[in-house]
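Compute the structure for the input listed below.
(chains A, B and C)
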Amino acid sequence: MKKEALAPIFVLSLICLFVTGVLSISDMVTRPVIDEASAIRAEEARKEIMPNAGEFMPIYAEGFPNTITEAFEAANNAGYIFIVTAKGYGGNIVIMCGIGPDGRIIKTMTLAEMETRGLSTPVFEMEGEYTGKDKSLEGIDAVTGATITSNAYMGAVRDAFAAFEIVRGMQ
Amino acid sequence: MNRLSTLTNGLVKENPVLVSLLGICPVLAVSTQAANAIGMGLATTFVLLGANIAVALLRNVIPDKVRIPCYIVLVAGFVTLAQMVTEAYAYPLYLSLGIFLPLITTNCIILFRAEIFAKKNTVADSAIDALGMGAGFTLAMLAMASIREILGSGTWFGIPLPVLADDNISIFTMAPGGFVIFGILIAIVNKVSKGKAIKKKEFGCAGCPSAANCQKGGAA
Amino acid sequence: MNNMIVSYAPHIKDKITTNRIMLDVIIALIPAFIASVWIFGPRAAVVTGVCVITCVFCEWAFQKAMKRTVTVKDLSACITGILLAFNLPVGIPLWQAVFGSAVAIVFVKQLFGGIGKNFANPAITARIVMFIAFPITMTTWVQIPDSVTAATPLALMKRGELEALPEMLNMFIGTRGGCLGETSALALLTGGVYLLIRRVITWHTPVAFIATVFLLTAIAGAQPMYHLFAGGLFIGAIFMATDYPTTPQTSKGRIIFGIGCGVFTVLIRLFGSYPEGVSFAILLMNMVVPHINRLTMTKALGGAKS
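Down below sits the predicted model:
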């Protein structure tokens, strides 16, 4: 009786251990590659927003809205970059918002989103809309602000500005 | 059965998607673009191969009582391996497969073949069966994805097609269109095989593929 | 007992044949057709013709291919074509109209068993499919001379641009932006009255549907009179919410159906992201019809207590 119960437990445990071992090795090999690749991608995204900025240094500050997941200060005073996560229609919208020292948006870029396709893909259209706008966001078409997606986008940009004020106040 | 028929079994006669109607979830979800379909097919074939070989290797070692948990651990292991490798060396594919890469674990085809074939056959035969099933799966996905991409986006493998790129019918890249195309494909398979492909006559315990192993209903 | 036959609605044997009923519906649709050509121009007739021809052809071809009896003579395919055309903007590319007509006949009607056995209204469902498949062309309207904008009244209300709304008289006659057959409440009412006189439809569903929309929009403070004449409310309430196989069989059921359609229409128009809700409302209620039938079925005379 005991032997009947022992064998299955033994075999299952052995298989689990073995599989875990193999996966640990694989993780050891691939993790550095993945991390390096994603760091490069993030850097490229930042460069795309501010091509002349040089280095980006991560900054942290108290009081950032909690939708801000990362913030960077560009060297040679080119401005700041904020990564904001907002709740969209189909999931989270992650945008990267570059704000220049003059308080105007240099560029916004959508990093991740799961919004509806087909009827409209406003997430990508909105990127052009926000370029050059300052904190008051004047000129953003009221109609564009009518959907969940565009509301989320606008909220994210406002949060970026809030963070910008905090950072600017720190200097 | 000989090696060749084992291979072609998965391609046509027992095509896991269009005949056995397994693994429909990833087929419907990932078949919006032909390139994704091939990527998904490759990933699934890799896992199928690994799982079948592992199960065949261990078929005399794994006790019957715990075989399902063991199979699942093995399958999950291979899927995680595939995930890591794809994220590291094929990031665009990793992004486009999204959540469906880890969901390969739940793909019925893999567990089904392990239970039906790999458990009772040699490693070599099981590997061939895996390749055949994987190829059949990829073929079905490619067919679906091509139709959906061509009609729905007017492109094929990302290449815009002359007339269709401007005048496409976007519902085919969405869920309802996917279901309709799938239904039509099954109908065609049924028609071409003169109804022999999908044997609908047996329901209940008699028609279940696991009947021989099941303890319920005294079918064993 | 051996001569008992189980069949689908309609059951009562009368001088009325399917043919006669369908003919009446077509006659009732003529005023709206004339209005559409007058308001939108000759292309309205072209679109209608294309839809009708495609529908009839698809029904004929499908029935031939499946070796069933060809029933195009009963004119139901014709009507589906007309109703679908009336739900399209005048500028719709003709190949898309062909696609929609094929979907209506082959998928919604014939694949489920043909006339009497479809579970949803073919024209409405095809319109929804086209709306999802061709989002841009299905929402591009032509500017009527005399109006300020090419947008439909519903779209204007959705955006809050109330000053641009057409005059109430224009809304009633139909000289406003919109789909072919839906704009002229006057023409549709005329057809509806004809159908009532000919006993083809009963008053329950249309009245319940329209009254519910009016009441709910009035309560919500949202231009009830405009909501009445805007969008596809009249054509939906009179011609599509009264379609025999997909709507309830009892009077009580029909009122419930009409109210349900009205509720969904208002909900989608006011709170949903689409300006128009009639098609979705009718489709949703179509799904529920079997339950409505079960709940409102009258007891058979002399039947045992269940």
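
Next, the buried residues of stretch A:28-44.
A:30, A:34, A:42 (16 or more other C-beta atoms under 10 Å in any protein chain shown). Every residue, glycine included, has its C-beta placed from N, CA and C.

try stretch B:123-131
B:123, B:125, B:126, B:127, B:128, B:129, B:130, B:131.

Following the chain onward from the strand or helix carrying residue A:18, which element is next?
Using DSSP states H and E, residue A:18 sits in helix A:2-49. Next in sequence after helix A:2-49, counting helices and strands by DSSP H and E, comes strand A:56-58.

Which of the buried residues of stretch B:123-131 fall in helices?
Among the buried residues of stretch B:123-131, the ones falling in helices (DSSP state H) are B:123, B:125, B:126, B:127, B:128, B:129, B:130, B:131.

Does the first one touch residue B:54 like I think?
Which is residue B:123. No. Checked against C-beta atoms under 8 Å, the pair residue B:123 and residue B:54 is beyond contact range at 9.2 Å.

got a list of what residue C:178 touches?
Listed by C-beta atoms under 8 Å, 6 or more residues apart in numbering or on different chains, the contact set of residue C:178 reads C:89, C:141, C:152, C:153, C:230, C:231.

can you list the residues of chain B near chain A?
Within chain B, the positions adjacent to chain A are B:58, B:61-63, B:65-66, B:69-70, B:73-74, B:76-77, B:80-81, B:84-85, B:87-89, B:91, B:170, B:173-174 by C-beta under 8 Å from any C-beta of the partner chain.

for residue C:179, phi and psi?
Main-chain torsions, residue C:179, degrees, to the nearest 10: phi -80, psi 160.

what about it, neighbour count?
24 (other C-beta atoms under 10 Å in any protein chain shown).

Disregarding residues adjacent in the polypeptide, which is nearest to it?
Nearest non-adjacent residue to residue C:179, counting by C-beta to C-beta, 6 or more residues apart in numbering or on different chains: residue C:87, 5.2 Å away.

what's the neighbour count on that neighbour?
Close neighbours of residue C:87, defined as other C-beta under 10 Å, add up to 29.

Could you do the one 3 residues further on as well?
The local packing of residue C:90 (other C-beta under 10 Å) involves 22 other residues.

ok so, going back, next, format the buried residues of stretch B:123-131 as CSV and append distance to residue C:112.
Shown next, in CSV, are the buried residues of stretch B:123-131 (distance: C-beta to C-beta, whole Å):
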residue, distance to residue C:112
B:123, 49
B:125, 45
B:126, 43
B:127, 45
B:128, 43
B:129, 39
B:130, 40
B:131, 41
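
Which of these sits closest to residue B:43?
Distance to residue B:43, by C-beta to C-beta, is smallest for residue B:130 among the buried residues of stretch B:123-131, at 13.1 Å.

and that closest one, what does it touch?
Residues near residue B:130 by C-beta under 8 Å, 6+ apart: B:45, B:48, B:49, B:51, B:52, B:53, B:113, B:118.

Out of these, who's the most crowded?
Tallying neighbours with other C-beta under 10 Å puts residue B:48 at the head of the contacts of residue B:130, with 31 neighbours.

So it is in contact with residue B:134, correct?
Yes. The criterion here is C-beta under 8 Å, and residue B:48 meets it with residue B:134 at 4.8 Å.

Over to stretch A:50-63 now: how far is its first residue from its last?
With C-alpha to C-alpha, to the nearest Å as the measure, stretch A:50-63 spans 25 Å from end to end.

quick one: buried residues of that stretch?
Across stretch A:50-63, burial judged by 16+ other C-beta under 10 Å covers A:50, A:53, A:56, A:59.

what's the farthest-apart pair in these?
Using C-beta to C-beta, the buried residues of stretch A:50-63 span at most 14.7 Å, a distance reached by A:50 and A:59.

Now do the contacts for the residue of chain C found nearest chain B.
Residue nearest to chain B within chain C: residue C:133 (3.7 Å; C-beta to the nearest C-beta). Taking C-beta under 8 Å, 6+ apart as the contact definition, residue C:133 lies against B:169, B:170, B:171, B:172, B:177, C:96, C:99.

out of these, which are inside strands?
Using DSSP state E, no member of these falls within strands.

Quick one, grab the pLDDT at residue 48.
Defaulting to chain A. Listed pLDDT for residue A:48 reads 81.

wrong one, chain C
On pLDDT, residue C:48 comes in at 93.

What distance do you get for the residue positioned nearest the centre of chain B to residue C:204?
Closest to where the C-alpha atoms of chain B average out (C-alpha atoms, centre = their mean) is residue B:137, at 4.1 Å. Note on residue B:137: its distance to residue C:204, by C-beta to C-beta, to the nearest Å, is 53 Å.

With residue C:88 instead?
Using C-beta to C-beta, one obtains 28 Å as the distance from residue C:88 to residue C:204.

what about the two, which has more around it?
A direct count of neighbours by other C-beta under 10 Å for residue C:88 and residue C:204 places residue C:88 higher, at 27 against 21.

Which per-residue confidence value corresponds to the more buried one?
91.

was I right about it contacting residue C:180?
Yes. Between residue C:88 and residue C:180 there is a contact at 6.0 Å, judged by C-beta under 8 Å.

what is in contact with these two at once?
Common neighbours of residue C:88 and residue C:180 (C-beta under 8 Å, 6+ apart) are residue C:47.

Tell me if the helix holding residue A:18 is near chain B.
Yes. Using C-beta under 8 Å from any C-beta, helix A:2-49 reaches chain B at A:7-9, A:11-12, A:15-16, A:19, A:22-23, A:26-27, A:30, A:33-34, A:37, A:41.

just the buried members of the residues you listed?
In the residues of helix A:2-49 next to chain B, burial by neighbour count holds for A:8, A:11, A:12, A:15, A:19, A:23, A:26, A:30, A:34, counting by 16+ other C-beta under 10 Å.

Show me the two of the ones in helices among the buried residues of stretch B:123-131 that sit farthest apart.
Most distant of these, by C-beta to C-beta, are B:123 and B:131, 12.8 Å apart.

any low-confidence regions in chain C?
C:1-2, C:9-17, C:143-150, C:164, C:299-306 (pLDDT under 70).

and it, which residues reach chain B?
Applying C-beta under 8 Å from any C-beta, we find that chain C lies next to chain B at C:93, C:95, C:99, C:107, C:129, C:132, C:133, C:134, C:135.

let's go with 6 Å and repeat that
C:132, C:133 (C-beta under 6 Å from any C-beta of the partner chain).

quick one: which helix or strand includes residue A:93?
strand A:92-99.

Who are the packing partners of that strand?
Using 3 or more C-beta pairs under 6 Å, 6 or more residues apart in numbering or on different chains; DSSP states H and E, the elements in contact with strand A:92-99 are strand A:79-87, strand A:105-112, helix A:148-170.

Walk me through which strands the shortest one pairs with, and which way each runs.
What it means is strand A:105-112. Strands that pair with strand A:105-112, judged by DSSP bridges, come out as strand A:92-99 (antiparallel).

if we can go back for a sec, after the helix or strand containing the residue nearest to the centre of chain B comes which helix or strand?
Secondary structure from DSSP H and E places residue B:137 in helix B:123-153. Counting by DSSP H and E, the element after helix B:123-153 in chain order, helix or strand, is strand B:155-156.

Distance-wise, check the closest residue to residue B:67 other than its chain neighbours relative to residue B:72.
Nearest residue to residue B:67, sequence neighbours excluded (C-beta to C-beta, 6+ apart): residue B:119, at 7.3 Å. From residue B:119 across to residue B:72, the span is 14 Å (C-beta to C-beta).

Sketch out the low-pLDDT regions of chain A for me.
Scanning chain A with the threshold set as pLDDT under 70 gives A:1-3, A:89-90, A:113-127, A:137-147, A:171.

mind running it again at 50?
A:117-120, A:142, A:145 (pLDDT under 50).

what does the helix or strand of chain B with the lowest mean pLDDT contact?
Lowest mean confidence among the helices and strands of chain B (mean pLDDT, DSSP states H and E): helix B:3-8, at a mean of 80. Residues outside helix B:3-8 that contact it (C-beta atoms under 6 Å, 6 or more residues apart in numbering or on different chains) are B:128, B:129, B:132.
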